[in-house]
Every structure is written in structure tokens, then in C-alpha cells.
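Asker: sequence and computational prediction follow.
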Protein chains: 2
Amino acid sequence: MACSISDIRAARERIAPYVVLTPLLRTVALDSALGCEVYVKAECMQITGAFKIRGAMNKALTLTPEQLAKGIVAASSGNHGRGISYAAKLLGARATIVMPRTSPQVKIEAIRSLGAEVILCDAPERFRIAEEVCAERGATMVPPFNDEDVMAGQGTVGLEIMEQAPEVDTVIVPVSGGGLIGGMSTAIKALAPGVRVYGAEPAAMPRYSQSLAAGKPVTVSYKATIADALAAQTPGAKCFPCVTSHVDGFAAVDDAYILKGMKLLLTEGKILAEPSSCIGLGALLQGLLPVRKGNKVCLVLSGGSVGLDQLRVLEDVTL
Amino acid sequence: MACSISDIRAARERIAPYVVLTPLLRTVALDSALGCEVYVKAECMQITGAFKIRGAMNKALTLTPEQLAKGIVAASSGNHGRGISYAAKLLGARATIVMPRTSPQVKIEAIRSLGAEVILCDAPERFRIAEEVCAERGATMVPPFNDEDVMAGQGTVGLEIMEQAPEVDTVIVPVSGGGLIGGMSTAIKALAPGVRVYGAEPAAMPRYSQSLAAGKPVTVSYKATIADALAAQTPGAKCFPCVTSHVDGFAAVDDAYILKGMKLLLTEGKILAEPSSCIGLGALLQGLLPVRKGNKVCLVLSGGSVGLDQLRVLEDVTL
């Protein structure tokens, strides 16, 4: 298995001084719309605005001084890059982040403000360009999901949920390449095998739904989605075995329902999270998961990097 | 004293089945901007969207079946009316809410959706009209703040803060007529006399700052403020003695800083609260209170009734 519960426990010890124990909230105001007892794990309130700092910091803390001196590089749609930039700054290293030019301005600015170099490119090119930068400089690439240390760091979210709300019976996780759900499902099933773990991915890029149907990782074509943080075309090779072993099912959610979820979370739950983070609410609103009244369902709000200008679109969304 | 710690403890027992134990969050993301260790008591996540349900429900539960049958009336800029409407609905009574016609649409609609009758009027007329309705119908007026049972209900927020975060050394409370700060300061000083309690009121209507300077309740003229829930012209006669006994100071906050506080809370803290609720952040941003680095400061976010259309103004606010 790519990462184990003991790796995740070790990650928690390692990153504890650098990350926030984010709140787990029982959000009663969302119950009637979502048809269950709703909890949220508010990683949108995490340092750097997203859970990504957990994996980034866990990985960065394994690098040698010589590796750090040559710099760290990441290909990222935003939140991973911000986590890496923050980790690099703390550890005195240079960070270079290769981002799709379609990334929200708020994410680009947050990374620049941490002192990182930003290279903008077309989304499908970002991994190739990041590898070129690494080759030129001898820098270390930190993958956004396909890495054991990164997965172990993200898995700490699962440890925390089971400690903060052991009564939860279902956890819904936003999915891109599978680093978060790979680590989290490993942690949750080790601690509480009866808890169901579901993934939610954009219907525009259903890489896990298609890969599970095929029995092996398949690559979907790049398509625009409001869930800009969930843009991986292929499951991580190291994430996929974790997911097939531990995850109970996937929902491929339409953008329209992601936006409904975001509006519901903001107007009723009073919490601001980025569209990608609201995909779990969207999955429930679209009726894609077997969740019933009485279930205690924890939605992972993976990040909160959203500009005020991005909220205007919600005015026309109907609930 | 108008309400005592034992009244407040009794109120908590009485209202517990009907209200939410709202989260108290340690919001690290706000520390650098506000210059202290920031906690928030998220009454914006309370049932009906504001702390007002606490006092409204505590009062309604003291009424006889005969009184309930003749209906309940409130003059309100919104949140008190919503609390009363919700309490009336639960108890099978008719509610009539007299509101300023300048109230945010989101508040008017929330009250109507609870089945209450809404009468719109000019803001300074709302108490007179509500009294006329009571006289005509034999209905019971529930005052928004100047009432012992209402104050005792609001005071439960103070009990909860001291239990949820006993390390807090300073509490900042949004102030209108003084029901919330009167009840809360009574609770807090009874439990922890060393904790400082400050009020924050709109600079446009500084009824407490002026009354404390005068040594008696004075009436300020009605002026528009972005803090629409903080529109009382005079301190409540029953609130004023509590406030003079227990409160350590007041800040009169400019609208511009209230909006900065709201933007900061939303974009960095990821929490949506109405402008009136953000006045404590505004007081700190404007430098009006003696709070220093290392202080553990709890800001009461009194309500969350804000429409998405109201967020556009934040786009032009600079932090």
C-alpha cells in the first residue's frame, strides 16, 4: 500500500507545528437541504487556505539541506502551489510554481505574495514545464498528489475527523488526482472500518469514475470546470490502489450543482469555500450518493481560495 | 440588577432544546490584521441566523397560553423579528413584526417565510406602531432588548464563551440597545471578573458612548449606518445599569471600518456575517480598543442575515 496509517500518524507529528487543527462543525442549517445530519471539516480555514499545506509540508520536511538549497518546484492549479510556497518560505528554500493561466487571480496573487516564482502556461502543459525547470536547476519536484509523503500528509485530515466527530458514519471528499482521498480513506478505514468514504469529482473530468469502471487508471481529456482545483486528467498511480481498496463509491457532479452547493454553504452555512470544496454538497443536492436522513455525513471543505469577484455568479444560482 | 447570573443559567436550561450551541472558533487567519489572538463566537450560525432567538425564545416560554393566543408583536430591524417569528411558530402563536422599510430584503423575506405578518414603516416609528398593534389586539409586545427575560436569554452567549474558551481575556460585543452586552457582561463578570468586556457601536449612533459620558441614558438622533441591526437611539433603561456595572469601555466605529472588518472576516476568516456583526473587527482595525499582541480576544459575530447582493460593495473595500 502506498501509505499506511503509521505513515499518516508520523506525518501528523511532523507537520503539527506548522498547520492548524481546523474546526469540524456540526452545520444544522444545511440538514434540510442535504437530507442528512451535516458536518463540515473546514480546511478552507487552514493555513494557506487549503489542506494542501499538510502534504506539502510533510514532503518538504523530508528533504535534505542540499535538496532545499536547489529549490522546490510544483505544477499546480493553485492550492498545492500555495502550500509549497509557504513550506519553502518557512524552510528558506526557493519555490517555483507552474500554474494554468486560467487559475483564479486570487490564487496566483497568494503564491506571488509568498515570494515564489510563478510560471503561467496552458493547463495540460504544466507538468511537462515543471519537469523541465527541475532538470535545468537540479530542483526537487513535489507532486500535487502522486507521492507517498504527500498522501500521508493529506491523510491527517482523516485522523482528525475521526477524533473530532467519532459519530460520523459517512465522509465525502473532493477528488482530483486522489492524494487527499487516498490518504484520508487509508486513515479512516484503519480507525473505523464501518465509516463510508465517498469521492466527489467534476462530471467534466470523471477520471476516477471511469478508471474504476475500467479496473485501471485511465486518462480523461482536459475540460473546463468551475471546480478549478480538481483538474487532474489521470488518477495518481500511487493513489489509485488506496482508492480501490478503501473508497466506497464516487459521484461525478455537474458544475450547476457545485455552484448550488457553494451558494447553500455560504448563505445558509455562513462559510466561504471555493467551488471545488463544495462538490460534496453538490453530490448530495444532485442525489448521486446513497445518503439518507439520520446519516451523519462529514463534508470535507478542502479549500477557501476564492475572490469576491467570483461570488457574483452565485446571485443567479437557484437553490 | 436587571438580570442575574442565576437568571441567565435558568434561561440556558429553558432555551437549550430550541437553540444551537454555536461554534467558538480560533481564527488564526485574522491574527496579523487584528493584532491579537482572535476567537469568534459564531452566532451567525445560530438558528434564525442570529443570537436574537435566545432572548426571544426565553421570553416566549414565559408567556401563558392565553397570552400566546392573542399573539406576539415586535418592533425590529430584522433579527429580533425573525427570532420572535420562529418562537411564535414553534409555540403556535401569531407573530406581527414592525420593521423599518430600509431593512435588508433578506431579513424581510426570512420573517415572512416563517408565517409572520410584516408591517413596514419609517425606522423611528417602529416602536410606536408596534404599541398600537398591541393595544388593538391585546397582543404581547416582546421588546428587542429592554426586558429582563430577553437580556437573560442573550446572556447565555457569555456563559458559552467562558466554557468553550476559558483562556479568552477580552470579549468584544456589537451593541445596539444593550440587551446582548447587558446579559453577556453580567454572565462573564460573574464567572471571570478579570475578563474585559468591550462594546462596539456605530459611530453614526453612539448612544452608549454618549450616555456613559453623560452618566445617564441619552437619546441620539437616527442616522443611517451599514450596521442596520444596531439602530437603537437610546440605551435600554434596564440594560444601562448592567452595562455601567460590567462593561470596560466602548468603541464608536465608522462604517468604513465595519466594512473592512466584514471583508476581512469573509476573505481571510472564510465566515459570512452581516455588517453589524463585524463591528468588533472594525473597532480593532480602527485602533479604538486597548488590545495588544498576545491578548486572546473573542469577537461576537451576532448575526449572519446578509444577501449575496450586499457583498458587491465589499469588492471596492481596501484592507
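Answerer: On my side now, so go ahead.
Asker: quick one: contacts for the residue nearest to A:His246 when sequence neighbours are not counted?
Answerer: The shortest distance from A:His246 to any non-neighbouring residue, by Cβ to Cβ, 6 or more residues apart in numbering or on different chains, is to A:Ser185 (3.6 Å). The way it works is simple: take the backbone N, C-alpha and C, and place the C-beta from them, glycine included. Under the criterion of Cβ atoms under 8 Å, 6 or more residues apart in numbering or on different chains, the neighbours of A:Ser185 are A:Gly158, A:Val173, A:Val197, A:Cys242, A:Val243, A:Ser245, A:His246, A:Val247.
Asker: what secondary structure does A:Ser185 sit in?
Answerer: helix (DSSP: H, G, I helix; E, B strand; the rest coil).
Asker: run through the residues of chain A sitting next to chain B.
Answerer: With Cβ under 8 Å from any Cβ of the partner chain as the criterion, chain A meets chain B at residues A:20, A:23, A:25, A:27-29, A:42, A:44-45, A:47, A:263, A:266-267, A:269-273, A:304, A:308-309, A:311-312, A:314-315.
Asker: pull out the buried residues from these.
Answerer: A:20, A:23, A:25, A:27-29, A:42, A:44-45, A:47, A:263, A:266-267, A:269-273, A:304, A:308, A:311, A:314 (16 or more other Cβ atoms under 10 Å in any protein chain shown).
Asker: put the alpha carbons of the longest helix seen in chain A into PDB.
Answerer: Longest helix in chain A, counting residues (DSSP state H): helix A:148-164. Written as PDB, here are the backbone C-alpha positions of helix A:148-164 (Å, rounded to 0.1, in the frame of the first residue of the first chain):
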ATOM      1  CA  GLU A 148       3.600   8.700  -0.600                       C
ATOM      2  CA  ASP A 149       4.700  11.600   1.700                       C
ATOM      3  CA  VAL A 150       2.200  14.000   0.200                       C
ATOM      4  CA  MET A 151      -0.600  11.400   0.600                       C
ATOM      5  CA  ALA A 152       0.400  10.700   4.200                       C
ATOM      6  CA  GLY A 153       0.200  14.400   4.900                       C
ATOM      7  CA  GLN A 154      -3.300  14.800   3.400                       C
ATOM      8  CA  GLY A 155      -4.400  11.700   5.300                       C
ATOM      9  CA  THR A 156      -4.100  13.600   8.600                       C
ATOM     10  CA  VAL A 157      -7.400  15.200   7.700                       C
ATOM     11  CA  GLY A 158      -9.000  11.800   8.100                       C
ATOM     12  CA  LEU A 159      -7.300  11.200  11.500                       C
ATOM     13  CA  GLU A 160      -8.700  14.500  12.800                       C
ATOM     14  CA  ILE A 161     -12.300  13.900  11.600                       C
ATOM     15  CA  MET A 162     -12.500  10.600  13.400                       C
ATOM     16  CA  GLU A 163     -11.200  12.200  16.600                       C
ATOM     17  CA  GLN A 164     -13.300  15.300  16.400                       C
END
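Asker: show me what that helix is packed against.
Answerer: helix A:5-15, strand A:24-26, strand A:37-42, helix A:52-60, helix A:179-191, strand A:296-301 (3 or more Cβ pairs under 8 Å, 6 or more residues apart in numbering or on different chains; DSSP states H and E).
Asker: make a markdown table from those and add mean pLDDT to it.
Answerer: Listed next are the helices and strands packed on helix A:148-164 as a markdown table, based on pLDDT from 0 to 100:
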| stretch | mean pLDDT |
| --- | --- |
| helix A:5-15 | 97 |
| strand A:24-26 | 97 |
| strand A:37-42 | 98 |
| helix A:52-60 | 97 |
| helix A:179-191 | 98 |
| strand A:296-301 | 98 |
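Asker: just to revisit the earlier point, which of the contacts of A:Ser185 count as buried?
Answerer: Neighbour counting by 16+ other Cβ under 10 Å classes A:Gly158, A:Val173, A:Val197, A:Cys242, A:Val243, A:His246, A:Val247 among these as buried.
Asker: my read: the last one touches A:Val197, true?
Answerer: Yes: counting by Cβ atoms under 8 Å, A:Val197 is a contact partner of A:Val247 at 5.3 Å.
Asker: joint contacts of the two?
Answerer: A:Ile181, A:Ser185.
Asker: wait, what's in contact with A:Lys41?
Answerer: By Cβ under 8 Å, 6+ apart, the neighbours of A:Lys41 are A:Thr22, A:Leu24, A:Val157, A:Glu160, A:Ile161, A:Gln164, A:Cys298, A:Leu299, A:Val300, A:Leu301.
Asker: what about the stretch 1-150 of chain A, any weak spots by pLDDT?
Answerer: A:1 (pLDDT under 70).
Asker: for it, just list every one of the helices.
Answerer: Assigned by DSSP state H, counting those that start in this stretch, the helices in the stretch 1-150 of chain A fall at A:5-15, A:31-34, A:52-60, A:65-69, A:79-91, A:105-113, A:126-137, A:148-164.
Asker: contact partners of the first one?
Answerer: Okay, so that is helix A:5-15. The contact list for helix A:5-15, computed with Cβ under 8 Å, 6+ apart, reads A:53-54, A:57-58, A:61, A:148-149, A:152-153, A:155-156, A:158-159, A:183, A:186-187, A:190-191.
Asker: in that helix, what counts as buried?
Answerer: A:Ile5, A:Asp7, A:Ile8, A:Arg9, A:Ala11, A:Arg12, A:Arg14, A:Ile15.
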